[in-house]
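**Student:** model the following, please.
(chains A, B and C)
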Amino acid sequence: MKNFTSVHDVENINALVQEALMLKKAPYAFADMGKHKTLGLIFMNPSLRTRLSTWKAAKNLGMDVAVMNIDKDGWALETEDGVMMNGDKVEHIREAAAVLGQYCDVIGLRSFPKLNDKHEDYSENILRKIINYSRVPVVSLESATRHPLQSLADLVTITEMFQEWPKRKPKVVLTWAPHIKALPQAVPNSFAEWMGKAEVDLVITHPEGYELAPEFTQGATITHNQEEALQDADFVYVKNWSSFHEYGNILTKDKNWMLTNKKLYTTSNARVMHCLPVRRDVELAAEVIDGQNSIIIQQAGNRVFAAQAVLKNILEHNF
Amino acid sequence: MKNFTSVHDVENINALVQEALMLKKAPYAFADMGKHKTLGLIFMNPSLRTRLSTWKAAKNLGMDVAVMNIDKDGWALETEDGVMMNGDKVEHIREAAAVLGQYCDVIGLRSFPKLNDKHEDYSENILRKIINYSRVPVVSLESATRHPLQSLADLVTITEMFQEWPKRKPKVVLTWAPHIKALPQAVPNSFAEWMGKAEVDLVITHPEGYELAPEFTQGATITHNQEEALQDADFVYVKNWSSFHEYGNILTKDKNWMLTNKKLYTTSNARVMHCLPVRRDVELAAEVIDGQNSIIIQQAGNRVFAAQAVLKNILEHNF
Amino acid sequence: MKNFTSVHDVENINALVQEALMLKKAPYAFADMGKHKTLGLIFMNPSLRTRLSTWKAAKNLGMDVAVMNIDKDGWALETEDGVMMNGDKVEHIREAAAVLGQYCDVIGLRSFPKLNDKHEDYSENILRKIINYSRVPVVSLESATRHPLQSLADLVTITEMFQEWPKRKPKVVLTWAPHIKALPQAVPNSFAEWMGKAEVDLVITHPEGYELAPEFTQGATITHNQEEALQDADFVYVKNWSSFHEYGNILTKDKNWMLTNKKLYTTSNARVMHCLPVRRDVELAAEVIDGQNSIIIQQAGNRVFAAQAVLKNILEHNF
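**Tutor:** Numbers count the residues shown, from 1 in each chain, chains lettered A, B, ... in the order given. Presented below is the predicted three-dimensional model:
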């Protein structure tokens, strides 16, 4: 693939998952593949997990990695076209992207939605412009509407933990969770989209008004009844998001939606997943996080091998 | 050379330009030269292009690179001597520089002018002290009065693009451009100084009151008539700067000084250069930036090889 | 050793000092030992010297190094257990540490005391939790109560400079110095603790009320008479700290406690040490810093080899 911005960029999802699992066993098997290749990681929003795991993935392949925190290490960027730049933005994204393309062989970009204007966020303006003007392969490190590296790591983790394929498919439940802030839809969008292409039965449960955009949830069972959704689940993915329809709003903070051990008993001894960071006893009960069924840390660890599989694929097909 | 702070540190400018062009063709030909050598990049002001291009240049030579953002990663430095340090500055530049000299084999320093006090800025106090107290080779990443890595990249770009040497010299025009903020004179000072030593005919054009310090512009033709200056130009270098004589002031924001396609027609199909970042339709018309004659991105790309030629020279002569 | 948080983690102090001195002569003798091992450096407070020297130590051993500035590059962490996380902290230290343990083979942590609550600071809550939840070896880069990498570098420097062992032991004086701010006790605690285990005669001198916690000063001579303490000293270690008993308070800023050349004459031509940063003519007279007896810069340089000896030991015993 050239760019990695969504599941649609991936030719063979299963092969990519297997590649990640192989790299987990032998992380340094391709330690010279990225020699003299530079990965530039651009963060328009702060990051701990994504920064470190993607950096490590690149290092495992022998790449050099440069991290840039835009607005902090560099400049405020103008992202709109046709603007007379007499305000506080000192550089246009066209020039910034083109220059980054001169210095980097691959670019990783994190850019969050503002959650004010649905159309603006879902246009993925910044990601598209970085791709257009840099002219080098671009990996999304979470964009306004998707977080594909997270979703790949999620699928890698499910694949690693579920032993009953092909006898039966796992029941995977994505459940909305309460939160005190309005969060993006990127992680649930992306998770739904990836699960839709994987050999799993996906059930999405959330309060009324929290429906995701239909393009992401095709093929999933959607219900407002969490209790019903959790029944016999093999995996429960816990995540808050703000409303898509009443864009960026918090419609409820209902604590009854928080996953507890009691609720977990109704599942098929389900493994619990969360992309982190997690607010204890707000999004997810501490007892669940610290319990036997949590695979959250393993899931975070798999971020390295998901990113490494993606970078390896890009190195193989573009250089 | 020991330090790289201006064109005066360079023994043979042409050899350095040719070295950079050679490195552009074979960036990894000396990939072990800097092994076990550490380049410390100290930024007293934010940087994107300089940080990334210098980092990449050092990596191409096998060096390790440590980036430090002073005031952010570290401490506020006292730069004056004989001061009782009972204020907000927690470390003196003497100790900071000496310690950096213990950890780094080569130091790169960026320190901007404050544009309040001409004498203070033009004394290059900080750059001189880092050189004196670190005792290791120092590369200017733009100082109060000069930006020699930029100027070397500029000359590399002109050399790369001009095919008619030695039959004739190119006409190179440095034209002042409008801006909304007061900018340093470092880039035009340095550009004038380097062009003065190169095989080019340099014309500098700016509004009245924007004369640069004469030590930098020796040998150049200086005119307030932009139209006349642009005629038959082979290269047009667009740059804003604040007044040297009425130090640090903006004397005009006259939009008529902005380079447009219409003005470009009077040149000899001139290539347009800018050191970036550029404010579209303020400093330079967007139509020119996006047009066929712009070599701005190529110029930015050459920053890597300019820095690499300088670091290679320093590694060869000091270790 | 597994972790390096105090002198008590070190089996053989003398062997570690000799290792550091050996590495100073041959820094790259083990340049492949840390290949494919990642050191994560976590700074909850800014750092220049520690960051750069530890980074370089790791690079000398072939490790990869990731630097994270918590609160800036990442998230605000909740460090207390059993808290419902509905405030400004977005991630718990349990998850953050566990995830870092997935990405890093060794973790370095800097976390300062708040100087409000003695019990909280001296419990070393953050350091202990990072150790518990990361499950990988942890190196203290200065914690609430100790700075063992500094103390090891101090002992390396004294060993390097003192030629009369085993004929006689050096007289080492730790003297309190005035300062305008309330500083931690970590450096003097740690210095006293290390000197107590070394072949030196330690004298500690400070104004009344500045007694350190007794667990750190066992075996040392303690006096409020600086003049008497300095007599015939071979080494004078200058350092400010805030009161332990009236916790975190400044009891005096008496300028008479500042070390000057005049005071130095009463010593046995003592070498002067300071961990830096130092406020000139507040903590220490500029004439002393710039004088022949100062070994402050050499001491800072030895930070690299102290850290390298520690990392080498950890790599040898844990992988």
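
**Student:** straight-line length of stretch A:259-268, end to end?
**Tutor:** In stretch A:259-268, first residue to last residue: 15 Å (C-alpha to C-alpha, to the nearest Å).

**Student:** likewise stretch A:144-153?
**Tutor:** 19 Å.

**Student:** try stretch A:284-293
**Tutor:** 13 Å.

**Student:** for it, which positions count as buried?
**Tutor:** A:284-286, A:288-289, A:293 (16 or more other C-beta atoms under 10 Å in any protein chain shown). Quick note: C-beta positions are derived from backbone N, CA and C, even for glycine.

**Student:** likewise stretch A:235-249?
**Tutor:** For stretch A:235-249, using 16+ other C-beta under 10 Å, the buried residues are A:235-244, A:247-248.

**Student:** what do you get for stretch A:87-101?
**Tutor:** Those would be A:89-101, for stretch A:87-101 by 16+ other C-beta under 10 Å.

**Student:** which of the buried residues of stretch A:235-249 lies closest to chain C?
**Tutor:** A:Asn240 (11.9 Å; C-beta to the nearest C-beta).

**Student:** state the distance from the closest one to chain B.
**Tutor:** 32 Å (C-beta to the nearest C-beta, to the nearest Å).

**Student:** same question, A:Val236
**Tutor:** With C-beta to the nearest C-beta as the criterion, A:Val236 and chain B are 41 Å apart.

**Student:** how many other residues sit next to A:Lys25?
**Tutor:** Neighbourhood size, A:Lys25 [other C-beta atoms under 10 Å in any protein chain shown]: 8.

**Student:** mind checking how far it is from A:Phe305?
**Tutor:** Remark: distance between A:Lys25 and A:Phe305 (C-beta to C-beta, to the nearest Å) = 9 Å.

**Student:** so which elements touch the lengthiest helix in chain A?
**Tutor:** Using DSSP state H to define each element, chain A has its longest helix at helix A:303-318. If you count contacts as 3 or more C-beta pairs under 8 Å, 6 or more residues apart in numbering or on different chains; DSSP states H and E, helix A:303-318 packs onto helix A:13-25, helix A:49-60, strand A:106-110, strand A:138-140, helix A:148-161.

**Student:** who wins for proximity to B:Ser190 among the ones you listed?
**Tutor:** For B:Ser190, the closest of the helices and strands packed on helix A:303-318 is strand A:106-110, at 29.8 Å, according to C-beta to C-beta.

**Student:** do the closest one and chain B meet?
**Tutor:** No: if you take C-beta under 8 Å from any C-beta of the partner chain as the test, strand A:106-110 misses chain B, and the best it gets is 11.5 Å.

**Student:** what does that strand rub up against?
**Tutor:** If you take C-beta atoms under 8 Å, 6 or more residues apart in numbering or on different chains as the criterion, strand A:106-110 is touched by A:37-45, A:47, A:50, A:54, A:63, A:100-101, A:126-127, A:130, A:134, A:136-143, A:311, A:314-315, A:318.

**Student:** would you say A:Ala66 is within a helix?
**Tutor:** No: judged by DSSP: H, G, I helix; E, B strand; the rest coil, A:Ala66 forms no part of a helix; its state is strand.

**Student:** which strand residues bridge it?
**Tutor:** Assessed by DSSP bridges, A:Ala66 has beta-bridge partners A:Gly40.

**Student:** what pLDDT does the residue in the stretch 151-300 of chain A that chain C sits nearest to get?
**Tutor:** Closest approach of the stretch 151-300 of chain A to chain C (C-beta to the nearest C-beta) occurs at A:Pro277, with a separation of 3.5 Å. On pLDDT, A:Pro277 comes in at 96.

**Student:** now the one 10 residues further on
**Tutor:** Note for A:Glu287: predicted pLDDT of 98.

**Student:** one more: the one 10 residues further on?
**Tutor:** According to the predicted model, the pLDDT of A:Ile297 comes to 98.

**Student:** surely it is in contact with C:Arg94?
**Tutor:** No: counting by C-beta atoms under 8 Å, A:Ile297 does not reach C:Arg94; the two are 9.6 Å apart.

**Student:** filtering the buried residues of stretch A:284-293 by proximity to chain C, which remain?
**Tutor:** Counting by C-beta under 8 Å from any C-beta, the members of the buried residues of stretch A:284-293 that reach chain C are A:286, A:289.

**Student:** between the buried residues of stretch A:235-249, which is nearest B:Lys181?
**Tutor:** When these are ranked by distance to B:Lys181 (C-beta to C-beta), A:Gly248 comes first, at 34.0 Å.

**Student:** mind telling me what element the residue lying closest to A:Phe235 once chain neighbours are set aside is part of?
**Tutor:** Nearest non-adjacent residue to A:Phe235, counting by C-beta to C-beta, 6 or more residues apart in numbering or on different chains: A:Val172, 4.6 Å away. According to DSSP states H and E, A:Val172 maps onto strand A:171-176.

**Student:** how far does that strand sit from its chain's centre?
**Tutor:** 16 Å (C-alpha atoms, centre = their mean, to the nearest Å).

**Student:** what's next to it, contact-wise?
**Tutor:** Residues outside strand A:171-176 that contact it (C-beta under 8 Å, 6+ apart) are A:158, A:188, A:191-192, A:195, A:200-207, A:210, A:220, A:226, A:229-230, A:232-241, A:257, A:259, A:267-268, A:270.

**Student:** adjacent strands (with direction) for it?
**Tutor:** Counting by DSSP bridges, strand A:171-176 is paired with strand A:201-205 (parallel), strand A:235-239 (parallel).

**Student:** output the last one as CSV, nothing but the C-alphas.
**Tutor:** Only the C-alpha atoms of strand A:235-239 are listed here, as CSV (Å, rounded to 0.1, in the frame of the first residue of the first chain):
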residue,chain,number,x,y,z
PHE,A,235,-14.7,-9.7,23.7
VAL,A,236,-16.0,-6.4,25.1
TYR,A,237,-14.5,-3.2,23.7
VAL,A,238,-15.2,-0.3,26.0
LYS,A,239,-15.1,3.2,24.6
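
**Student:** next structured bit after that strand?
**Tutor:** Counting by DSSP H and E, what follows strand A:235-239 is helix A:261-264.

**Student:** for that following helix, list every residue counted as buried.
**Tutor:** So helix A:261-264, judged by 16+ other C-beta under 10 Å, has buried residues A:263-264.

**Student:** so for that helix, mean pLDDT?
**Tutor:** The average pLDDT for helix A:261-264 rounds to 98.
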